[in-house]
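In: Here is my input; please provide its structure:
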Amino acid sequence: MREAGLKLVGWRHVPIDATECGPQARAVMPEIRQIFIGRDGRRVKDQATLERKLYVVRKLVENRVAASGLPDSESFHIASLSTRTIVYKGLLISWQIARFYKDLRDSAVSSALALVHQRFSTNTLPSWDRAHPYRFLAHNGEINTLRGNENWMHAREKNFTSPLFGDDIEKIVPIINPRGSDSAKFDNALELLTFTGRSIAHAVMMMIPEAWQGHESMSETKRAFYEYHSCLMEPWDGPASIAFTDGVQIGAVLDRNGLRPSRYVVTKDGLVVMASEVGVLDIPPDRVEAKGRLQPGRMFLVDTSLGRIVGDDEIKESMAARKPYRQWLDRNLVKLADLPGATSLPEPLDKATLLEQQQAFGYTIEDLRMLMAPMAINGQEAVGSMGTDTPPAVLSDRPQLVFAYFKQLFAQVTNPAIDPLREELVMSIATTIGAEQNLFDETPLHCRQLEVKTPALSNEELERIKELDQDGLHAVTLSTLLHPGGGVEALEKALDVLAVIASKRCDGDRERFLELRRRHPGGGAWRA
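Out: Have a look, this model is predicted:
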């Protein structure tokens with residue numbers, strides 16, 4: 001704190017009544033304390049600067065505790081460290097909260113807003129630190145794309161620069177706490193985006209965009225906003241209803257498919273209640289002024305500084321008008337369909353060696369008859385109902401290709417099946433390829449990328465990409481061949497060599513690449 005220009009005012013033991021929680025919760029109940037921090041008015045002159053300093057202090061403490069290896073390090077958690085919000089956590093039922101935390105029964109404790117969450121845990125074991133809400137949100141649902149979201153955030157960290165943070169920017173990484181649940185990791189990313197200078201509504205729009213690709217009635221400015229930001233960050237996707245607040249604004253957003261419920265009531269005396277079910281609070285009908293259901297991809301926002309509800313269209317159209325996003329896209333985003341035709345095409349398959357190539361790439365008679373034939377004849381994926389008895393690659397006694405050892409991680413708890421063809425309005429597999437920029441900025445260069453509608457490319461499309469040579473977009477072809485007789489060591493060495501060569505060929509900044517690898521040795525968190 002002293003390093004950050006802050007000062008320790010004191011500590012207090014938070015007054016609690018331990019008899020108000022259940023025996024299992026009491027058995028793992030942590031020591032709960034509150035710290036009071038003051039600021040040096042010469043070095044920290046406003047609330048925004050103080051919030052950033054507190055963020056840096058918290059990240060430093062968390063990282064040092066995690067690296068200490070002490071027995072209690074994994075149970076250490078800072079629920080909140082902010083001038084705007086205080087978070088009370090617990091393995092508690094809603095009516096137990098005010099009984100357990102005596103502060104909440106004190107008449108001196110008042111607030112214009114509150115965010116409360118009571119739920120069972122779906123993907124992780126419940127614990128005090130994983131109880132909702134987190135620092136910015138409460139979450140009902142699952143983030144299915146979590147592993148990719150987390151890895152991409154790690155990969156972007158090396159590009160972070162900000163005049164607001166200065167040299168402190170190095171102290172806030174890693175952004176994502178690897179021990180957190182999907183909700184906690186979402187909260188980590190949302191918190192960072194708010195510290196880039198974006199409003200919390202802007203940050204939520206980046207992380208949970210509404211379905212914009214096939215939305216015919218969406219305004220062009222809003223479509224441009226979503227298209228531009230898809231170049232900065234991939235969606236944190238999955239069935240989710242997320243309530244969020246920064247202490248000034250409080251709201252909720254629903255995933256693009258609308259797979260979680262969210263309902264709201266507005267009373268005549270200015271009380272706003274949103275919950276996943278109706279009737280959470282007993283409000284007489286004659287007090288109700290308005291009520292409704294949050295629609296897929298829509299946002300519901302109350303701004304206490306304005307003293308009113310801000311409509312979804314007003315929020316998003318104002319965000320879309322911040323920058324000339326359409327102009328930036330037209331000048332910088334390159335689409336695969338617009339690339340010139342390839343000057344040379346790969347040679348057609350040699351029928352004489354077709355069987356040999358099929359065997360080399362792991363095709364079986366069953367694949368050809370049951371999977372490939374229906375796709376070729378009818379143009380649709382084969383449908384079956386008998387399941388699969390194919391052993392996982394790691395347990396198979398047959399030779400397997402490298403990609404057969406990888407499986408998709410997917411939180412299939414309460415998710416209905418989604419058909420990307422019949423539900424194309426809310427589904428998209430388009431992606432952009434190109435250099436990532438600093439997430440703290442918004443510039444035309446951020447969308448200097450190549451857009452492909454699908455990751456499945458034809459030979460002709462692949463040749464067009466290989467010949468791409470434009471300002472800021474260049475394709476380099478690297479060999480992935482290795483000698484198969486070397487075993488695991490040969491594969492690992494070949495991957496390391498490929499990564500270093502890719503780094504040299506792509507931007508020549510080998511030291512930057514190696515530093516990224518040193519900080520994230522897991523492999524999945526970096527790319528050349």
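In: per-residue confidence for the residue in the chain sticking out farthest from the centre?
Out: Here the centre of the chain is the reference, and by C-alpha atoms, centre = their mean the most remote residue is A352, at 47.9 Å. As predicted, A352 sits at a pLDDT of 91.
In: part of a strand, is it?
Out: No. Assigned with DSSP: H, G, I helix; E, B strand; the rest coil, A352 falls outside any strand and is helix.
In: Look up how far Q359 lies from it.
Out: Per C-beta to C-beta, to the nearest Å, A352 is found 14 Å from Q359. Backbone N, C-alpha and C define where each C-beta goes, glycine included.
In: show me where the stretch 201-350 of the chain has strands.
Out: 240-245, 249-254, 263-267, 272-275, 288-293, 299-303, 308-310, 334-335 (DSSP state E, counting those that start in this stretch).
In: Nearest to T388, out of those strands?
Out: Across those, T388 has its closest neighbour in strand 240-245 (29.2 Å, C-beta to C-beta).
In: which residues touch the closest one?
Out: Contacts of strand 240-245 with the rest of the structure, by C-beta atoms under 8 Å, 6 or more residues apart in numbering, involve 85, 113, 115, 117, 133, 136-143, 186, 190, 200, 204, 208, 250-255, 259-262, 274, 276, 294.
In: ok, 6 Å please
Out: Applying C-beta atoms under 6 Å, 6 or more residues apart in numbering, the external contacts of strand 240-245 come out as 115, 136-141, 252-255, 260, 262.
In: L306: which of those is nearest?
Out: A252 (17.3 Å).
In: check contacts around the closest one.
Out: Counting by C-beta under 6 Å, 6+ apart, A252 touches A243, S262, M274, F300.
In: make it 8 Å
Out: The contact partners of A252, taken as C-beta under 8 Å, 6+ apart, are S241, I242, A243, F244, S262, Y264, M274, L294, M299, F300.
In: so what's Y101 bridging to?
Out: Taking DSSP bridges, one finds I16 as the beta-bridge partners of Y101.
In: Isn't it up against K89?
Out: No. Applying C-beta atoms under 8 Å as the test, Y101 and K89 come out as separate, 9.7 Å apart.
In: just to revisit the earlier point, closest one to L329 out of the contacts of strand 240-245, please.
Out: Out of the contacts of strand 240-245, the member with the shortest distance to L329 (by C-beta to C-beta) is V253, at 23.8 Å.
In: separation between the closest one and F160?
Out: From V253 to F160 the distance is 25 Å (C-beta to C-beta).
In: quick one, which of these two is more surrounded?
Out: A side-by-side neighbour count of V253 and F160, using other C-beta atoms under 10 Å, places V253 first with 26 against 17.
In: Might one say that the more buried one is in contact with R298?
Out: Yes. V253 lies in contact with R298 (C-beta under 8 Å); the separation is 7.3 Å.
In: Now for the nearest residue to L192 once chain neighbours are set aside: which residues touch it?
Out: In this structure, L192 finds its nearest non-sequential neighbour in I175, 5.1 Å apart by C-beta to C-beta, 6 or more residues apart in numbering. By C-beta under 8 Å, 6+ apart, the contact list for I175 reads M153, H154, E157, N188, A189, L192.
In: Kindly indicate whether I175 is helix, strand or coil.
Out: At I175 the chain is in coil, as set by three-state DSSP.
In: Show the contacting residues for the residue nearest in space to the middle of the chain.
Out: Centroid check for the chain by C-alpha atoms, centre = their mean gives W236 as the closest residue, at 3.9 Å. Taking C-beta under 8 Å, 6+ apart, we find W236 in contact with I143, T145, L146, N149, F186, A189, M207, I208.
In: What of R39?
Out: Counted by C-beta under 8 Å, 6+ apart, R39 has contacts G5, L6, K7, L50, K53.
In: let's go with 6 Å and repeat that
Out: Contacts of R39 were listed using C-beta under 6 Å, 6+ apart, and they are L6, L50.
In: Got the confidence number for it?
Out: Reported pLDDT for R39: 87.
In: any low-confidence regions in this protein?
Out: Across the chain, the ranges flagged by pLDDT under 70 are 122-124, 386-387, 408-422, 505-528.
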